[in-house]
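>>> Can you look at this prediction? I've put the sequence above it.
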There are 2 protein chains.
Amino acid sequence: MIEAAATVFCREGFAGANIDLIAAEAGVSRQTVYNHHRDKESLLVAVVREITERCNARAFSVLATFPDHPRDLQADLTAFAIRLNRNCLCDRDGRFLRRLLQNEGERYPELFSDWRENGPARVWDALAARFARLAHAGWLEIDDPDAAARQFLALTSSDLQLPLIFGDRLSEDDLEQTSARAVRMFLRAYARRN
Amino acid sequence: MIEAAATVFCREGFAGANIDLIAAEAGVSRQTVYNHHRDKESLLVAVVREITERCNARAFSVLATFPDHPRDLQADLTAFAIRLNRNCLCDRDGRFLRRLLQNEGERYPELFSDWRENGPARVWDALAARFARLAHAGWLEIDDPDAAARQFLALTSSDLQLPLIFGDRLSEDDLEQTSARAVRMFLRAYARRN
DNA sequence: AGATTTTTAGACAGTGTTGTCTAAATCGTC
DNA sequence: GACGATTTAGACAACACTGTCTAAAAATCT
């Protein structure tokens, strides 16, 4: 049911979504929706909690696959970027979160305060720590690991934004091309110079 | 009136905005709104046309200030990035466009097809041409100017996204810091090596 | 099977919004 | 000042949605 609500909220927006649609999508009667959630707003809160938690979990599970001991730095980082994009950006949860942030982030910042603290901030920290370790191991030359982490994410995701917004089909090839290009640029800036 | 409609659409979203609010914001009666625009949807179309045109115009006017003959490449590119962000991203039009893209881009792609062709695509081309020229003049070493242009934009804008979404106050200092960091990284990758 | 809980379909009042209509008021122009 | 065009306030029907209610049906548990 949270799933169905997420789908409809994502498709129609909060104001545009109506309870009947959500109930139909969930294959359930409207009354049942009201049995489980006081009203539309508290349903939204539940959905946001669910989605943000899942997104965080997924992000950290991908982070765990970071190439701490790379064999081929370029290739391994590219594969990592692909995993990150595919699992955290291109899926429905990612789309939902982006759209909802854009819509309601300014109006209800407290809806996302939890996500802000435990989501992006921690991902950045964790990624920064990985890069710092790679630097310490002699693979990279990084002065500001935090900035580098954010730059890595910016580079790897930005070419996907527009296609994602318009729901264009995103081929596996595009994803690889884009990620490879981003990593190449990243390493051009931060790979150890010899 | 288009202004007022833009403000309200931006604040409330399309489904959430109502004509009375728009009329009030414009200081005009509801009937007058209907005099000028058939219905809510065609009003939205008019607003989108207006805003996208203005955004494009502004983007190109900032592009014209690109440092073709830099004195201090780092400083000049940073200043350029700051101008770009301040005039095309942080203002109300930028917010409106981002939000509307996220909301309605997938549902009504034809609303933005014009913008897509004449907006981002052309900006990228123009910026790529500038970078190519800088490379030709010996300032940069760039193999793929198109990619470099998009990377420049990704780096300079990404740290602003989250604060912008949440409507956080964005100090002039932050803007400078962020832009400087992005340009430093960009040059680390593409500045001529000697 | 019997008892208890949950779900269902449908009706319902209350509210808000859209788009139309009308008659009065205001504006611009000669 | 007079005339035509535009704007205004307000009323209006049509519609959609929310959240509540009820009595029947279905599912769950013992």
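Nice, I can see it. Residues are numbered from 1 along each chain as shown, chains lettered A, B, ... in the order given.
>>> Verify the contact between residue A:135 and residue A:149 for me.
No. With contact defined as CB atoms under 8 Å, residue A:135 does not reach residue A:149; the gap is 11.5 Å. In short, each C-beta sits where N, CA and C put it, glycine included.
>>> Who has more neighbours out of the two?
Comparing residue A:135 with residue A:149 by other CB atoms under 10 Å in any protein chain shown, the one with more neighbours is residue A:149, at 21 against 17.
>>> separation between that one and chain B?
11 Å (CB to the nearest CB, to the nearest Å).
>>> residues from chain A in reach of chain B?
A:12-16, A:98-99, A:101-103, A:105-106, A:109, A:112, A:116, A:120, A:144, A:147-148, A:150-151, A:153-155, A:157-159, A:162, A:165-167, A:181-182, A:185-186, A:188-190 (CB under 8 Å from any CB of the partner chain).
>>> Apply the buried test to these and list what passes.
Neighbour counting with 16 or more other CB atoms under 10 Å in any protein chain shown marks A:12-14, A:16, A:98-99, A:101-103, A:105-106, A:112, A:147-148, A:150-151, A:153-155, A:157-159, A:165, A:181-182, A:185-186, A:189-190 as buried within the residues of chain A next to chain B.
>>> Spit out the contact partners of the most far-flung residue of chain A relative to its centre.
The outermost residue of chain A relative to its centre, with distances by CA atoms, centre = their mean, is residue A:194 at 35.1 Å. Going by CB atoms under 8 Å, 6 or more residues apart in numbering or on different chains, residue A:194 touches no other residue.
>>> Just say helix, strand or coil for it.
coil (DSSP: H, G, I helix; E, B strand; the rest coil).
>>> how near is it to residue A:143?
18 Å (CB to CB, to the nearest Å).
>>> Around DNA strand C, which positions in chain A sit nearby?
Applying CB under 7 Å from any atom of the strand, one finds that chain A approaches DNA strand C through A:27-32, A:35-36.
>>> Now the element after the longest helix seen in chain A, going C-ward?
Under DSSP state H, the helix in chain A containing the largest number of residues is helix A:40-63. Where DSSP states H and E defines the elements, the next helix or strand beyond helix A:40-63 is helix A:73-88.
>>> got the angle between that next one and helix A:40-63?
Interaxial angle of helix A:73-88 relative to helix A:40-63 (axes from the mean of the first three to the mean of the last three CA atoms, to 10 degrees): 160 degrees.
>>> Report the rounded mean pLDDT for helix A:73-88.
Averaged across helix A:73-88, the pLDDT comes to 96.
>>> got it, and stretch A:21-28?
92.
>>> who touches it?
A:1, A:3-5, A:7-9, A:12, A:29-30, A:32-33, A:43.
>>> one more time with 7 Å, if that's ok
A:1, A:4-5, A:7-8, A:29-30, A:33 (CB atoms under 7 Å, 6 or more residues apart in numbering or on different chains).
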